[in-house]
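*Asks:* Sequence and predicted structure are below.
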Amino acid sequence: MRRGWIWIAAGLLGAGCASPPKPARPSDPDLERYAGSALVSFQHGAYGQAEKLYRRALDRARAADDAREIGNNAYNLAACLVALGRNAEARPLLRESRVALEELRKNTAEVILLDAAAARNLGILDAASTLVAEARAQMNRDKDRALWIQAALIEAQVACDRTNAPLALRILDSVSKDLKELNDTLLNGRAAGLYARITWMTGQPATAAAWFDKETECYRKAGRPPQEISPVLLRAAEAWGQAGQARESADRYYRAARSLTGQGRTTEALRCIEPALAAAEKAGASDLMARITALFDEIRRQLAGAGGGGK
């Protein structure tokens with residue numbers, strides 16, 4: 001069984017596969033079971049469950065003093081924590097993973113990039129930039145094209161964090177050929193999200209909204225978890241509203257509310273209803289008004305059935 005490394009930086013990097021070679025000897029069957037189940041949980045967006053299972057796998061690897069499995073499972077556990085927004089907890093695990101894999105003379109570029117993403121999420125921008133440079137030193141652009149693009153995406157996010165939209169755009173443009181040739185749906189979605197951020201920062205809400213729509217489409221095609229798609233729909237709704245496109249704004253608010261309802265996040269869904277109705281009314285879109293009202297009634301029934309609760 002090949003357990004690919006998983007990595008995700010919330011809001012930037014999606015789960016990818018960088019499968020290490022198969023071990024030369026049989027794996028611990030319990031470790032294999034924990035890690036295999038964890039991967040399935042992660043791919044379905046059940047990050048909390050994946051975290052618990054990867055912790056068990058890492059404990060088994062540590063107990064066996066197995067550097068290879070320590071490196072793999074510390075990395076994967078860190079990816080879960082980053083996905084859960086617990087970046088500070090992830091970084092020591094990434095250091096453990098890096099040390100373990102370096103002992104085996106393995107390439108650690110992917111581990112370093114996830115650490116860079118975690119540092120960037122924590123606002124430690126200088127460290128994030130330094131780590132990206134360290135990762136790049138281990139890469140061959142042609143051989144590691146996906147990683148090279150991901151490094152650029154982190155750099156572009158850092159530039160946006162520093163409100164340097166022109167630099168962010170130059171960084172993205174520098175890998176546009178790589179993105180086209182690789183044609184990876186998820187990476188195209190991540191890039192679209194960054195183009196959306198840049199154009200929104202520079203006062204182009206209609207262009208940003210179109211990029212957010214592309215990001216949503218790419219995530220859906222790539223099979224990303226719903227909790228990644230609904231925030232993009234909300235950003236698209238706001239951007240279309242700022243661009244004066246009321247019907248498009250109402251539609252994206254409605255779709256965000258529908259997605260959140262499907263996830264069981266009814267309270268959050270309810271917060272989308274008022275701006276959705278306001279935008280639909282402004283657009284004179286009676287068909288949308290009817291759909292939004294029907295969804296509103298469904299949410300109210302769900303909340304009533306839960307005793308007024310909801311997530």
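*Replies:* That came in fine, so what should we check first? All values reported here derive from a predicted model rather than from experimental measurement. Numbering: from 1, shown residues only.
*Asks:* show me the contacts for L234.
*Replies:* R252, Y253, A256, C272 (Cβ atoms under 8 Å, 6 or more residues apart in numbering). The way it works is simple: take the backbone N, C-alpha and C, and place the C-beta from them, glycine included.
*Asks:* Repeat the analysis, applying 6 Å as the threshold.
*Replies:* A256 (Cβ atoms under 6 Å, 6 or more residues apart in numbering).
*Asks:* any idea how far T202 is from it?
*Replies:* 21 Å (Cβ to Cβ, to the nearest Å).
*Asks:* Sketch out the low-pLDDT regions of the stretch 1-150 of the chain for me.
*Replies:* Within the stretch 1-150 of the chain, the stretches with pLDDT under 70 are 1-27.
*Asks:* Could you pull out the helices in it for me?
*Replies:* Counting by DSSP state H, counting those that start in this stretch, the stretch 1-150 of the chain has helices at residues 29-43, 47-63, 67-83, 87-103, 109-121, 125-136, 145-161.
*Asks:* And the contacts of the shortest one?
*Replies:* With Cβ under 6 Å, 6+ apart as the contact definition, helix 125-136 has outside contacts at A109, I112, L113, D115, A116, A119, R120, A151, I154, E155, V158, D161.
*Asks:* Weed out the non-buried ones from these.
*Replies:* Burial by neighbour count, judged by 16 or more other Cβ atoms under 10 Å, picks out A109, I112, L113, D115, A116, A119, R120, A151, I154, E155, V158 from the contacts of helix 125-136.
*Asks:* Looks like the fifth one contacts L153 (just checking).
*Replies:* No. Using Cβ atoms under 6 Å, A116 is not in contact with L153, being 10.4 Å away.
*Asks:* Are we agreed that L234 is in a helix?
*Replies:* Yes. L234: assigned to a helix according to DSSP: H, G, I helix; E, B strand; the rest coil.
*Asks:* Could you report the separation of it from S129?
*Replies:* 29 Å.
*Asks:* How about N72?
*Replies:* 27 Å.
*Asks:* If you count surrounding residues, which of those two has more?
*Replies:* N72 (27 against 18; other Cβ atoms under 10 Å).
*Asks:* Contact partners for that one?
*Replies:* With Cβ under 6 Å, 6+ apart, N72 has no contacts at all.
*Asks:* again with E89
*Replies:* L81.
*Asks:* what does D184 give?
*Replies:* Counted by Cβ under 6 Å, 6+ apart, D184 has zero contacts.
*Asks:* Apply 10 Å and report the result again.
*Replies:* G14, G16, R145, A146, I149, D178, R190, A191, C218, A222 (Cβ atoms under 10 Å, 6 or more residues apart in numbering).
*Asks:* same thing with T202?
*Replies:* Contacts of T202 by Cβ under 10 Å, 6+ apart are A165, P166, A168, L169, A208.
*Asks:* in the stretch 151-300 of the chain, what spans have low per-residue confidence?
*Replies:* Using pLDDT under 70, the stretch 151-300 of the chain has no residue that qualifies.
*Asks:* Helices along that one, start to end?
*Replies:* Using DSSP H, counting those that start in this stretch, helices in the stretch 151-300 of the chain cover 165-174, 176-182, 185-201, 205-221, 226-242, 246-262, 266-283, 286-305.
*Asks:* before we move on, the earlier item: next, format the buried ones among the contacts of helix 125-136 as TSV and append distance to G244.
*Replies:* Shown next, in TSV, are the buried ones among the contacts of helix 125-136 (distance: Cβ to Cβ, whole Å):
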residue	distance to G244
A109	44
I112	44
L113	39
D115	42
A116	38
A119	38
R120	33
A151	37
I154	33
E155	33
V158	32
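*Asks:* If we ignore the residues flanking it in sequence, what's nearest R56?
*Replies:* Leaving aside its sequence neighbours, R56 sits nearest to Y34 (Cβ to Cβ, 6 or more residues apart in numbering; 4.4 Å).
*Asks:* I'd like the distance between the closest residue to C272 other than its chain neighbours and I299.
*Replies:* Leaving aside its chain neighbours, C272 sits nearest to A257 (3.8 Å; criterion: Cβ to Cβ, 6+ apart). A257 sits 8 Å away from I299, going by Cβ to Cβ.
*Asks:* got it, and A83?
*Replies:* For A83, the distance to I299 - Cβ to Cβ - is 27 Å.
*Asks:* okay, the two: which has more neighbours?
*Replies:* A83 (26 against 21).
*Asks:* ok, that one touching E51?
*Replies:* Yes. Assessed by Cβ atoms under 10 Å, A83 is found in contact with E51 at 8.8 Å.
*Asks:* Overlap in contacts, these two.
*Replies:* F42.
*Asks:* okay, and the common contacts of A257 and I299?
*Replies:* With Cβ under 10 Å, 6+ apart as the test, A257 and I299 both reach T266, A269, L270, C272, I273.
*Asks:* Emit the PyMOL select command for whichever of those are buried.
*Replies:* Here is the PyMOL selection string for the buried members of those, based on 16+ other Cβ under 10 Å:
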select buried, resi 266+269+270+272+273
